[in-house]
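> Attaching a predicted model along with its sequence, questions to come.
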Amino acid sequence: MKTLIHTYTITVLFLLITNLANAQLCQGSLGDPIVNITFGSGPNPGQPFSAATTTYVYTSADCPSDGYYAIRNSTSGCFGAWHTIAADHTGDPNGYFMLVNASYNPSAFYLDTVHGLCSNTTFEFAAWIANVLMAGQGCQPSIQPDLTFTIEKTDGTVLKTFNTGGIPEQSTFTWQQMGFYFTTPPGIQDVVLRIVNNASGGCGNDLALDDITFRPCGPTIMASIDGSPATSLSLCAGSPHSVTFTGNVMSGLSNPVMQWQQNINGGGWQDIPGATGTTLLQNYVAAQTPGTFQYRLSAVAAGSLSICRTTSQVLSVTIMPTLTGAVSSNAPLCAGSTLLLSVTGSATYQWTGVNGFTATGASVSIPNVQAAQSGKYYVQANAPGACPYSDSIDVSISPAPVATVNADTSICENESVQLTSSGGTTYQWLPSTGLSADNIANPVARPADTTSYMVIVSTAPTCRDTAYVVINVGARITVNAGPDRSILKGETTTLNGTLNGANSIFNWTPTAYIMNATSLTPQVSPPADIDYILSTTSNSFCGIASDTVHVFVFPDIYIPNAFTPNRDGHNDTWHIPALKAIPVFELSVFNRWGQLIYHVKNNDISWNGQFKGIDQPSGGYAYMLNIGNGKRILKGVVMLLR
């Protein structure tokens, strides 16, 4: 038996499989390599094999001659016809590989006894092979390496053979994984690996060998993240999260013993105590330290050694840190001053604000600000690998007051009108008779008789201006702007106004986003919530009357991700507000077994957490919202918490 410089590891190793040429590899799920022969690593040259020798002779030279082999981490332009190889199969510049110049007579160039396999188990044997002769170089026609892999019992009984056929030259250096699967007989844990080059040496027939593995092979093991079509999920720290993983073993494994495993931040795969079912629930607390959490389901036939488990694909959950910060400004300010905005923290910052304002950086200076620049300013912080942080601040800038008030208005008796003034920060109306309030900018006036109102506008105690408006009260006419409307942003709705009174004219205000302001039933498409006022003026006796309709504009379809139907009056139902703006929809909720337990169609009815009058248990329930008969489909999970 020979002791190799190769590394035998019983550890988790992920092979970067790039080309499975001419291979008979495992078609189900694989386990971690029980044996992994990497030839080790270090400076050139590597040491020779010390046992189980073949007729091949070791050389420390970069370019072995016919019938010789070398252990190298690189080789450069041998014989003017070989590829330059800069690293081993994994890309490690210090990793060794076996470099072979075939002998003139077909023979074995690699022979070794492999120990520690599981008996009565199917294994995938695989090795990475490369033809080192560059296409079209050297003597032509060239001889292609033609390998036979043989797995034997230690008494010489052949268990399985596989022939690669000719391995052609490539214009660029290319590793190919080749192999097959075989089954160890009962009671057999040691086998002999023999690799024979069947081609005759001479012109060509030169190759590189690396990363020989023996991995248990079993039926396919499936694993997925509930509610996600992907195999990875990113979550933000600072909030609790629950993730359910589901797996199952396809047919072919007798009485499987299942075990979920986890790998936290690359620390290696570990069994999760008690996680031996088809599902795994992982809870992440709000204070969860950010990191990468990987999961997989392993399985083995009952009574077999645990090292021969096979595993599913890897599922990953990344907990990303959430950026934090604090926004401040030097407001309130007077017009003409310099506004300073700042945010603490370390990230990339994007500011937006009134009048289309944008800026970047942790600190922003805006000179000569005016009253029109008052309002809310927003900042968003972003950093790679972190969840964004958003905040806002209200900025107040006081101008020199210029009092304005709406034009003189006529109303019908027993009706009201909203007065509109601007130009200051405080307001005082005189007289106060018939007003809903005398100290706000826009009081509602309901005078019994025609009244002249004066408004005193201030930006500071000593900064005042006045304006006047007359409310003429006439005989009553009526107008109805119709019921409030709800739409999604970008859609259109029709207002339904009506008039009661002869000899009157009407109009809608504002005219923004309205298609025909002179129609009682105009179509509107505002980008945000808005009030439309339908006003009418009597040509004979009534004066002016108005009514308001509010158009609710939902910027998107917000779907709550949890509710608590515990009948405490708070969040007792699951309700999607934007549904009242969607005329055609179908909403379905399914339990963990795929059973439909809640369904509504074109009817905005909240779910109370029951199915056929029975309270459903806490947990995640998948939902599907079908909008416009397939025009848009939204899927997700809502948590029912009791």
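Yep, it's here. Numbering: from 1, shown residues only.

> residues contacting residue 437?
With contact taken as CB atoms under 8 Å, 6 or more residues apart in numbering, residue 437 is in contact with residue 443. C-beta: built from backbone N, CA, C; applies to glycine.

> that's a strand at it, yeah?
No - counting by DSSP: H, G, I helix; E, B strand; the rest coil, one finds residue 437 to be coil, located in no strand.

> What residues does the closest residue in space to residue 106 that isn't next to it in sequence make contact with?
What sits nearest to residue 106 in space, not counting adjacent residues and going by CB to CB, 6 or more residues apart in numbering, is residue 198, at 4.9 Å. Residue 198 makes contact with 106, 146-148, 163, according to CB under 8 Å, 6+ apart.

> Pull up the gap between residue 198 and residue 163, please.
As judged by CB to CB, to the nearest Å, residue 198 and residue 163 stand 7 Å apart.

> intersection of neighbour lists for these two?
Both residue 198 and residue 163 are contacted by 146-148, under the criterion CB under 8 Å, 6+ apart.

> In strands, which of these fall?
Counting by DSSP state E, the part of those found in strands is 146-148.

> which of those tops the neighbour count?
Within these, residue 147 tops the neighbour count with 23 neighbours, counted by other CB atoms under 10 Å.

> so that residue touches residue 205, yeah?
No - at 10.5 Å, residue 147 and residue 205 do not qualify as touching, with contact defined as CB atoms under 8 Å.

> any common contacting residues for those two?
With CB under 8 Å, 6+ apart, residue 147 and residue 205 have common neighbours residue 197.

> I'd like the domain boundaries of this structure, if you could list them.
The chain breaks down by automatic domain parsing into domains covering 29-218, 221-320, 327-398, 404-469, 478-554, 562-640.

> Packed most tightly, which of these would that be?
Comparing these by mean neighbour count (mean count of other CB atoms under 10 Å), domain 29-218 ranks first with a mean of 19.

> per-residue confidence for the nearest residue to residue 500 once chain neighbours are set aside?
Here the nearest residue to residue 500 in space, its sequence neighbours aside, is residue 478; by CB to CB, 6+ apart that works out to 4.1 Å. pLDDT recorded at residue 478 is 81.

> Am I right that residue 626 sits in a helix?
No - applying three-state DSSP, one finds residue 626 to be strand, outside a helix.

> Bridged to it, which residues?
As for beta bridges, residue 626 partners with residue 586, residue 633 under DSSP bridges.

> and if you look at residue 474?
The partner list for residue 474 in beta bridges (DSSP bridges) reads residue 412.

> That one and residue 450: what is the separation?
Distance from residue 474 to residue 450, counting by CB to CB: 9 Å.

> what do you get for residue 192?
Applying CB to CB, the value for residue 192 to residue 450 is 113 Å.

> same thing with residue 260?
For residue 260 relative to residue 450 (CB to CB), the value is 81 Å.

> swap in residue 163?
For residue 163, the distance to residue 450 - CB to CB - is 108 Å.

> do you know how far residue 580 is from residue 287?
38 Å.

> same check, this time on residue 309
Counting by CB to CB, the gap from residue 309 to residue 287 is 33 Å.

> Going along the chain, name the strands of the stretch 51-200 of the chain.
For the stretch 51-200 of the chain, strands defined by DSSP state E, counting those that start in this stretch occupy the ranges 57-58, 68-72, 97-101, 107-114, 122-131, 146-153, 158-166, 176-183, 191-197.

> Out of those strands, which gets nearest to residue 283?
Nearest to residue 283 among the strands of the stretch 51-200 of the chain is strand 122-131; the distance by CB to CB comes to 35.9 Å.

> Extract the C-alpha set from the closest one and format it as PDB.
Listed next in PDB are the C-alpha coordinates belonging to strand 122-131 (Å, rounded to 0.1, in the frame of the first residue of the first chain):
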ATOM      1  CA  THR A 122     -23.400   3.100  -4.000                       C
ATOM      2  CA  PHE A 123     -20.500   5.500  -4.500                       C
ATOM      3  CA  GLU A 124     -19.700   8.000  -7.200                       C
ATOM      4  CA  PHE A 125     -16.000   7.800  -8.200                       C
ATOM      5  CA  ALA A 126     -14.800  10.900 -10.100                       C
ATOM      6  CA  ALA A 127     -11.500  12.400 -11.200                       C
ATOM      7  CA  TRP A 128     -10.600  15.600 -13.100                       C
ATOM      8  CA  ILE A 129      -8.600  14.900 -16.300                       C
ATOM      9  CA  ALA A 130      -7.000  17.200 -18.900                       C
ATOM     10  CA  ASN A 131      -5.200  16.500 -22.200                       C
END
